[in-house]
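Peer 1: Kindly generate the corresponding structure for this input.
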Amino acid sequence: MSRVIDARALSALALAGGPVRSPDRARLLASVMRPGWMPWTDRVAALWDLPVDEVEGQFRSAGFPAAWSPSPVPMVDAFHLVGGPATAGADVGLVRIQSGQTFPAHSHGGTEEYVVLEGVMRFGDGHREYPGDRVRHDASVTHSYVAEGDVVVAIVLRGGLTPP
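Peer 2: Predicted coordinates for the structure are as follows:
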């Protein structure tokens, strides 16, 4: 299960003054780093064409609710970032879909590649994608899915979304 530290608690800690003892600092960083995502850091680094330490930094940043923004799809949030050279011209980041919600049927003007970080994606044909799965769809694929648990995927999207 992922944990997110409250931004107010982090601010209070920063304003409290004085050094943060090492064990407290380690605990604080661990709570922000989304530990459930860490096993997939190498896969996400390859997907986003970024060094592992930069991916870890992005995971830490995603631990703050204010870093996310609503997407055009209801009940879906996005965390945008700039990937490495291999992702030039693509939308890169994280997408979060609330548990029980359906991501509507869509295709893409280009490729969609993602790594599932959290939750399970249940597709209409019955197959499921689980944390750690790396998936690539080309423009010919039309799909929709239901989020089993809150779903978070690291994504590189080329050509946007198009309705079926």
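Peer 1: Does residue 159 belong to a helix, a strand or coil?
Peer 2: Using DSSP: H, G, I helix; E, B strand; the rest coil, the secondary structure recorded for residue 159 is coil.
Peer 1: Please work out the average pLDDT along the host helix or strand of residue 104.
Peer 2: For residue 104, the host element (DSSP states H and E) is strand 102-108. In this model, strand 102-108 carries a mean pLDDT of 86.
Peer 1: I would like the residues contacting the helix or strand that it is followed by, please.
Peer 2: Scanning forward in sequence from strand 102-108 by DSSP H and E, the next helix or strand is strand 112-123. Identification of contacts with strand 112-123 by Cβ atoms under 8 Å, 6 or more residues apart in numbering yields 2, 34, 36-37, 40, 43-44, 47, 94-95, 97, 99, 128-137, 141, 143-158. From N, CA and C alone the C-beta is placed, and that goes for glycine too.
Peer 1: What sits closest to the most centrally placed residue in the chain if chain neighbours are left out?
Peer 2: Centroid check for the chain by Cα atoms, centre = their mean gives residue 94 as the closest residue, at 3.0 Å. With sequence-adjacent residues excluded and distances taken as Cβ to Cβ, 6 or more residues apart in numbering, residue 94 is closest to residue 79, at 3.9 Å.
Peer 1: Pull the contacting residues for that neighbour.
Peer 2: 58, 61, 62, 67, 68, 69, 93, 94, 95, 96.
Peer 1: Would you mind measuring from the closest residue to the fourth one other than its chain neighbours to residue 81?
Peer 2: Read it as residue 67. Among residues not flanking residue 67 along the chain, residue 61 sits closest, at 5.2 Å (Cβ to Cβ, 6+ apart). Noted for residue 61: a distance of 8 Å to residue 81, by Cβ to Cβ, to the nearest Å.
Peer 1: Need the overlap of contacts for those two.
Peer 2: With Cβ under 8 Å, 6+ apart, residue 61 and residue 81 have no common neighbours.
Peer 1: Below-threshold pLDDT in the chain: ranges please.
Peer 2: Low-confidence segments of the chain, defined by pLDDT under 70: 1-35, 164.
Peer 1: What segments of the protein are helices?
Peer 2: Under the criterion DSSP state H, helices of the chain are mapped to 7-15, 22-32, 41-48, 52-61.
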